[in-house]
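K.L.:
Generate coordinates for the sequence data below:
(chains A and B)
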Amino acid sequence: MTEATKSGFYEDISGDHKTFLDANELVLNMGPQHPSTHGVLRVILRLDGEKVLGTECIIGYLHRGVEKIAENRTYTMFNPYVDRMDYVAAVSNGLGYCLAVEKLLNVEAPPRAAYIRVILTELNRIASHQLWLGTHALDIGAMTPLFYTFRDREEILKIFEKYCGARLTTHAFRIGGCAYETYEGFEQEVKEFLKFFTPKIAEYEQLLTTNRIWVRRTRNVGLISGKDAIALGVTGPVLRASGVKWDIRKAQPYSMYDKFDFEIPTGENGDTYDRYLVRLAEMRQSIRIIDQAVNSIPEGPIMAKVPKVLKPPVGEVYVSIEAPKGELGYFIVSDGSTQPYRVRVRPPSFVNLQALDVMVRGQLVADVVAVIGTLDIVLGEVDR
Amino acid sequence: MPDETKPNQATGPQQPAKPAETKPAEVKPAAPAAAKPPAATPAAAAKPPAAPPKPTGPVPEPWDSEMVSGFKRRFGSGIREASTYVGQKYMVVDASIVREVLQLLHHDEQFDYCVDVTAVHYPKRERQFDLVWILYSFPRNERIRVKTQLKDGEAAPSVAAIWPTADWLEREVFDMFGIGFEGHPGLKRILLPDGWKGHPLRKDYPILQQDTEWVKINLGIESGQ
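P.N.:
Okay, the predicted model is just below:
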């Protein structure tokens, strides 16, 4: 299997290819300022007519040196920076970082804090998927879903704003637990949101699932097999749509996810349509998790006993969570001082983007737009 | 699984925390002032009671398994260390055999997913770089790390042919640390522009440093700060 995939992946795209009717090969630059690249991604396409022969991604336009910044900040000071990587799923980023530092410190957030974390993280997963659906559909030519998803996402952002004062870069969690107790009526509002949002997914489905244009534009587009997805390190909904039933929340549960009953939706074909269905199903599962969490949220403290000045013992840990886009990991090395010696972020978007070349080869130019959308990348996280 | 070991260990640091609460009475005024700046020295000097967490921190424990003893039999002292730290398994391996070890892990031990390739720079050591591979096995639901130490200028073997995902990850390590990878299909910078000088995640590269020449030529400004 490795031999076969290997030769496929590393085919030299600069070599001579037999083009249709010996027509000239065209090298086309897409981006970095292209609306469908979801940020500043530049893709160099080699085309034979409308057929894609190969691609090369040029990234790094948003590189801010987050990992270098981390080495020059204390553990607490670096916490808000992680929100700026995947800025549409800031809560997930914060959760991963806090869990990693907690592992280094050998503390565990109290149950109430873990429940609050689960509720907010799952709300964030829904918000991230909504943003993905709206923009992805817009790329393909459906305008209405964008308005629907943004209308509904607003309700989640309102909850975030009420909880911690920020809508996007929330910095909701602290190392050792949560900074804030829930506000008055928090549970009620979350429950109301679930009631409000559940029928909305059906509304999205009504617009797209059997829409002929949508189906023709997404089915059998950007195919990737489960084996190739694993070999390329692809995670998250993209991996699950290829039929691999793997979710870190189930495989290696963190933050009390083992207490909740939910399923891992998977697809069969690994095409853009399946990835759409998987993400919709994930929103439904998130609703299930939030519903259980909000109904059984325990009383108690929200912060573990952590010293004011954090000085984790010498050591290194790797902790990863299931972020909306895939496996988000933090590899932190401590030298016993107040600042991390090294923080490595394993970003799902960066690794998933690498699969773009395999997914669009032999497809049409218009499909490149669909595949970039379906990968659900955030360039802030790709470039860090 | 790693989490199950946690509650036992979690009690560890809490116990030393208690003496730390009672003792700092005499040092308390100094503590909040020292808490804010990142200067580690005054905090460490002003609070001797804060030191205990260090020795009580978890220590690596030996990692015994069939796989590890198989490797040890095969490679002998090439496997420098096999331990677990807070429930996370890692192996330190000689640079000369690391490619073979990784290949065996993929082919025979079902580690089919290369999660991450990254490095850590220790400028004071003779072998300056720690190169880390984080691997995961879907069939075994197990995560391990393989580490090796490299001298400055020494190239590591590329694993892009074993796990295609390592392609970009190795390019990033090259970009940030300047570690070369032998057998990589196209090793070049990935996040920084091609003409950039220096490797920012090395410890001797200060946070305000930049390639002023590149900035002048390409951005037309004196400084990017």
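
K.L.:
going forward, measure contacts between C-alpha atoms and count neighbours the same way
P.N.:
Fine.

K.L.:
Dihedrals phi and psi, residue 157?
P.N.:
All of this is about chain A. Main-chain dihedrals, A:L157, degrees, to the nearest 10: phi -60, psi -30.

K.L.:
looking at chain B here, not the other one
P.N.:
The phi/psi pair for B:P157 (degrees, to the nearest 10) reads phi -70, psi 140.

K.L.:
OK, contacts around the closest residue to it other than its chain neighbours?
P.N.:
Spatially, and ignoring its direct neighbours in sequence, B:P157 is nearest to B:E182 (4.9 Å; Cα to Cα, 6 or more residues apart in numbering or on different chains). Applying Cα atoms under 8 Å, 6 or more residues apart in numbering or on different chains to B:E182 gives the contacts B:155-158.

K.L.:
and the most centrally placed residue in chain B, bridged to which residues?
P.N.:
In chain B, the centroid-proximal residue (Cα atoms, centre = their mean) is B:V120; its distance is 4.9 Å. Counting by DSSP bridges, B:V120 is bridged to B:D130.

K.L.:
wouldn't it be in contact with B:K147 here?
P.N.:
No - contact criterion Cα atoms under 8 Å: B:V120 and B:K147 do not qualify, at 10.2 Å.

K.L.:
Find residues that contact each of these two.
P.N.:
By Cα under 8 Å, 6+ apart, the residues touching both B:V120 and B:K147 are B:130-132.

K.L.:
Whichever of those residues end up buried, select them in PyMOL.
P.N.:
Applying 16 or more other Cα atoms under 10 Å in any protein chain shown to those leaves a buried subset, and the PyMOL line that selects it is:
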select buried, chain B and resi 130+131+132
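
K.L.:
Report the separation between A:L95 and A:A114.
P.N.:
10 Å (Cα to Cα, to the nearest Å).

K.L.:
The two: who's more crowded?
P.N.:
The neighbour comparison of A:L95 against A:A114 (other Cα atoms under 10 Å in any protein chain shown) goes to A:L95, with 29 against 25.

K.L.:
Verify the stated contact: that one with A:R117.
P.N.:
Yes - between A:L95 and A:R117 a contact is recorded at 7.3 Å, counting by Cα under 8 Å.

K.L.:
overlap in contacts of these two?
P.N.:
By Cα under 8 Å, 6+ apart, the residues touching both A:L95 and A:R117 are A:F173.

K.L.:
picking up where we left off before, counting neighbours, which of the contacts of B:E182 comes out on top?
P.N.:
B:A156 leads the contacts of B:E182 on contacts (other Cα under 10 Å) with 22 neighbours.

K.L.:
how far away is that one from chain A?
P.N.:
19 Å (Cα to the nearest Cα, to the nearest Å).

K.L.:
Just give me the neighbour total for the residue nearest to that residue when sequence neighbours are not counted.
P.N.:
Among residues not flanking B:A156 along the chain, B:F181 sits closest, at 4.8 Å (Cα to Cα, 6+ apart). Neighbours of B:F181 under the rule other Cα under 10 Å: 21.

K.L.:
now do the one 5 residues further on
P.N.:
Other residues near B:G186 number 12, with proximity taken as other Cα under 10 Å.

K.L.:
ok so it is a helix residue?
P.N.:
No - secondary structure of B:G186 (DSSP: H, G, I helix; E, B strand; the rest coil): coil, not part of a helix.

K.L.:
which residues touch A:A229?
P.N.:
A:235, A:239, A:242, A:355.

K.L.:
Tabulate those residues (JSON lines), appending distance to B:H199 and pLDDT.
P.N.:
Formatted as JSON lines, the contacts of A:A229 follow (distance: Cα to Cα, whole Å; pLDDT from 0 to 100):
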{"residue": "A:T235", "distance to B:H199": "29", "pLDDT": "92"}
{"residue": "A:L239", "distance to B:H199": "33", "pLDDT": "92"}
{"residue": "A:S242", "distance to B:H199": "37", "pLDDT": "91"}
{"residue": "A:A355", "distance to B:H199": "26", "pLDDT": "90"}
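
K.L.:
what's the most distant pair in the residues you listed?
P.N.:
The distance between the two most remote of these (Cα to Cα) is 12.8 Å, for A:S242 and A:A355.

K.L.:
Look up phi and psi at the closest residue to B:D194 other than its chain neighbours.
P.N.:
Using Cα to Cα, 6+ apart and skipping the chain neighbours, the partner closest in space to B:D194 is B:K188 (7.4 Å). B:K188 adopts backbone torsions of phi -150, psi 170, taken as degrees, to the nearest 10.

K.L.:
Quick one: neighbours of B:K188, just the number.
P.N.:
Using other Cα under 10 Å, B:K188 is surrounded by 17 other residues.

K.L.:
Domains in chain B, by residue range?
P.N.:
B:2-56, B:61-182 (automatic domain parsing).

K.L.:
Relative to chain A, which of the contacts of B:E182 is nearest.
P.N.:
Ranked by distance to chain A (Cα to the nearest Cα), these are led by B:S158 at 13.3 Å.

K.L.:
show me what contacts the residue in the stretch 51-200 of chain A that chain B sits nearest to?
P.N.:
Closest residue of the stretch 51-200 of chain A to chain B, Cα to the nearest Cα: A:G60 (4.0 Å). By Cα under 8 Å, 6+ apart, the residues touching A:G60 are A:382-383, B:190-193.

K.L.:
tell me the phi and psi of it?
P.N.:
Dihedral angles for A:G60 - degrees, to the nearest 10 - are phi 110, psi 0.

K.L.:
What sits closest to the residue positioned nearest the centre of chain A if chain neighbours are left out?
P.N.:
Ranked by distance to the mean C-alpha position of chain A (Cα atoms, centre = their mean), the top residue is A:K325 at 2.0 Å. Nearest non-adjacent residue to A:K325, counting by Cα to Cα, 6+ apart: A:G236, 5.3 Å away.

K.L.:
what about B:D116, distance to A:I175?
P.N.:
With Cα to Cα as the criterion, B:D116 and A:I175 are 24 Å apart.

K.L.:
Those two: who's more crowded?
P.N.:
The neighbour count for B:D116 versus A:I175, taken as other Cα under 10 Å, is higher for A:I175 (26 against 23).

K.L.:
so which strand or helix has the residue nearest to that one when sequence neighbours are not counted?
P.N.:
Of all residues not flanking A:I175 in the chain, A:C98 sits nearest, at 4.8 Å (Cα to Cα, 6+ apart). A:C98 is part of helix A:90-105, with elements assigned from DSSP states H and E.

K.L.:
elements contacting the helix or strand just after that helix?
P.N.:
Sequence order places helix A:111-140 as the next helix or strand after helix A:90-105, per DSSP H and E. In terms of contacts (3 or more Cα pairs under 8 Å, 6 or more residues apart in numbering or on different chains; DSSP states H and E), helix A:111-140 is packed against helix A:90-105, helix A:144-164, strand A:177-178, helix A:272-295, helix A:365-375.

K.L.:
mind putting the ones you listed in a markdown table, distance to A:W132 and mean pLDDT included?
P.N.:
Formatted as a markdown table, the helices and strands packed on helix A:111-140 follow (distance: least, Cα to Cα, whole Å; pLDDT from 0 to 100):
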| stretch | distance to A:W132 | mean pLDDT |
| --- | --- | --- |
| helix A:90-105 | 15 | 91 |
| helix A:144-164 | 9 | 91 |
| strand A:177-178 | 27 | 88 |
| helix A:272-295 | 9 | 92 |
| helix A:365-375 | 8 | 89 |
